[in-house]
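J.: no sequence for this one, just the structure:
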């Protein structure tokens, strides 16, 4: 009887340790999604903001890093995309090893004709 009681207490102690460990478990990112997958600008337009959503909500590392593959076309900082020059760029948001991309097209600004001479 005494051996059974000691074994039961040992089992409870192991069970409590396991629950504590579960609270420290790493939750991996499964997906990064963007509010926009394409953006269009003309050079000189105001910046636009895209939002990254990281799943699951309880992911351990939800920090998003942003990158532009062509900063001469469009730059990005904290999801704010700014057109720089004509061309096509890809904005990438990364969190927990998962990525999402947004294609950014920037058109050259039209040149306004003010006079014509012959």
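T.: Good, I have the coordinates. Since this is a predicted model, take the numbers as computed values, not measurements.
J.: who touches the spatially most central residue of the chain in this structure?
T.: Residue closest to the average C-alpha location in the chain (C-alpha atoms, centre = their mean): residue 93, at 3.8 Å. By C-beta atoms under 8 Å, 6 or more residues apart in numbering, the contact list for residue 93 reads 32, 34, 50, 52, 64, 65, 66, 79, 99, 100, 101, 102. Quick note: C-beta positions are derived from backbone N, CA and C, even for glycine.
J.: for the nearest residue to it once chain neighbours are set aside, grab the count of nearby residues.
T.: Spatially, and ignoring its direct neighbours in sequence, residue 93 is nearest to residue 52 (4.1 Å; C-beta to C-beta, 6 or more residues apart in numbering). By other C-beta atoms under 10 Å, 20 other residues sit near residue 52.
J.: and residue 52, how far from residue 43?
T.: 25 Å (C-beta to C-beta, to the nearest Å).
J.: returning to that earlier point: got the buried residues for the helix or strand where the residue nearest to the centre of the chain lies?
T.: Using DSSP states H and E, residue 93 maps to strand 87-95. Residues of strand 87-95 classed as buried by neighbour count (16 or more other C-beta atoms under 10 Å): 87, 89, 91, 92, 93, 94, 95.
J.: how about these in CSV, adding distance to residue 60?
T.: Below are the buried residues of strand 87-95 laid out as CSV (distance: C-beta to C-beta, whole Å):
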residue, distance to residue 60
87, 37
89, 30
91, 24
92, 21
93, 17
94, 15
95, 11
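J.: which of those sits closest to residue 59?
T.: Top of the list for closeness to residue 59, among those and by C-beta to C-beta, is residue 95 at 7.5 Å.
J.: residues contacting that closest one?
T.: Here residue 95 is in contact with 29, 32, 52, 54, 59, 61, 62, 63, 64, 65 (C-beta under 8 Å, 6+ apart).
J.: what about 6 Å?
T.: Applying C-beta atoms under 6 Å, 6 or more residues apart in numbering to residue 95 gives the contacts 29, 32, 54, 62, 64.
J.: for residue 81, see how far away the third one is.
T.: Taking C-beta to C-beta as the measure, residue 54 falls 19 Å from residue 81.
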